[in-house]
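1. pasting the structure only:
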Ligand SMILES: Cc1nn(C)c(C)c1/N=N/c1ccc(/C=C/C(=O)NO)cc1
Ligand SMILES: [Zn+2]
């Protein structure tokens, strides 16, 4: 069976403006810069490495189609969609939602193609046309709740795809495993009362958004127990992430038995990422992918759809992403050229405080039935 790969040139055209995180602003002495921290070049470089490394020759191209309004409205409000349409139609776009999320002119079309790309991959994995796959979409989605854009996210791509799998493809149980380093607050919001989608977010505690992502946030009503937050302390590396997957993520998936696993695949937990303080390496991401792939083989016929979330190191994200896709496709082409440099920095030994953080989440798995 084959591994699918989805990219569209327009994902590299996302306009993040002239700011570096917030917009350039002379009064605040925030001078313009060529590359915003979320500049689409980082993900384009990932795509180019997939091609130039020869990995793409082992993959089946999946063509992105724009999500329809109906696809978006399964998880977002009419108001949110209409605000995005209005900003996208402005000659130079504007700022959406949280006051920092830039949407360029025509940004609606790319955001619909991003959510639609996630749908297309899920469609082909669920149909059994692909064993698994990677949708290298942009803009990301996991910070977008039902009613707004947030944290560079316009539409919640993984949730749009999960809702499609539930409502159109007829699946009863879908799991979203979000290993992006920031809390998947949008995904949590969307599925808060709904046990048919198990939402798991493993993230640096309180990195972003502020004051969210606590282990005590478990869902409400029928959804109680089906939102699992695994906050980790800054400095967590390969050992902590692997232990968290062994003790929490994999047991939760085994208990829930989803028919499809969607991975919110951000690489901003990497040791070279500027927007967080974790220490995961390409080898670490490869190991996490291996654990989820083996689990999927045991519980849902290997059905995994990875959907790109964040990641801000143009230097290192491509190699972290390549490692995950190599694992999905079960080929080994490139070694991590940064390994020698980063291998002595730490993160490969589980620390006692990391173990304790992880146990705080592990005790909650028993409530997943
Ligand atoms: C600046 C600023 N100023 N203000 C008021 C706000 C709300 C600001 N947002 N900062 C951000 C926005 C997004 C991220 C990470 C996104 C990601 O990768 N998610 O996976 C981090 C910091
Ligand atoms: Zn992130």
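-> Perfect, I can see it now. This one's a predicted model, so the numbers in the text were calculated from it and none came from an experiment. Ligands and ions are numbered 1, 2, ... in the order given.

2. Tell me the spacing between residue 313 and ligand 2.
-> Counting by CB to the ion, to the nearest Å, the gap from residue 313 to ligand 2 is 12 Å. Any C-beta I mention is one placed from the backbone N, CA and C, and that applies to glycine too.

3. wait, residue 231
-> From residue 231 to ligand 2 the distance is 14 Å (CB to the ion).

4. burial count for the residue in the stretch 201-350 of the chain that ligand 1 sits nearest to?
-> Checking the stretch 201-350 of the chain residue by residue against ligand 1 with CB to the nearest ligand atom singles out residue 310 as nearest, at 2.7 Å. Residue 310: 31 surrounding residues under other CB atoms under 10 Å.

5. and it, that's in a helix?
-> No - going by DSSP: H, G, I helix; E, B strand; the rest coil, the assignment for residue 310 is coil, not a helix.

6. Setting aside sequence neighbours, what's the nearest residue to it?
-> Counting by CB to CB, 6 or more residues apart in numbering, residue 266 is the residue found nearest to residue 310 once chain neighbours are left out, at 3.9 Å.

7. The one you found touches residue 187, doesn't it?
-> No - at 11.9 Å, residue 266 does not count as touching residue 187 under the criterion of CB atoms under 8 Å.

8. Give the residues shared as contacts by these two.
-> Common contact partners of residue 266 and residue 187 (CB atoms under 8 Å, 6 or more residues apart in numbering): 142, 178.

9. and these two? which has more neighbours close in?
-> For residue 266 versus residue 187, neighbours defined as other CB under 10 Å are more numerous around residue 187 (32 against 27).

10. Which strand or helix spans that one?
-> Assigned by DSSP states H and E, residue 187 belongs to helix 185-190.

11. Please apply the same query to residue 306.
-> Residue 306 is located in strand 304-308, with elements delineated by DSSP H and E.

12. tell me the mean pLDDT for the top helix by length along the chain?
-> Ordering each helix of the chain by length in residues (DSSP state H) puts helix 107-126 first. Averaged across helix 107-126, pLDDT comes to 98.

13. That one packs against which elements?
-> strand 3-6, helix 69-73, helix 78-89, strand 132-135, helix 157-167, strand 260-265, strand 304-308 (3 or more CB pairs under 8 Å, 6 or more residues apart in numbering; DSSP states H and E).

14. Just the buried residues of it, please?
-> 107-108, 110-126 (16 or more other CB atoms under 10 Å).
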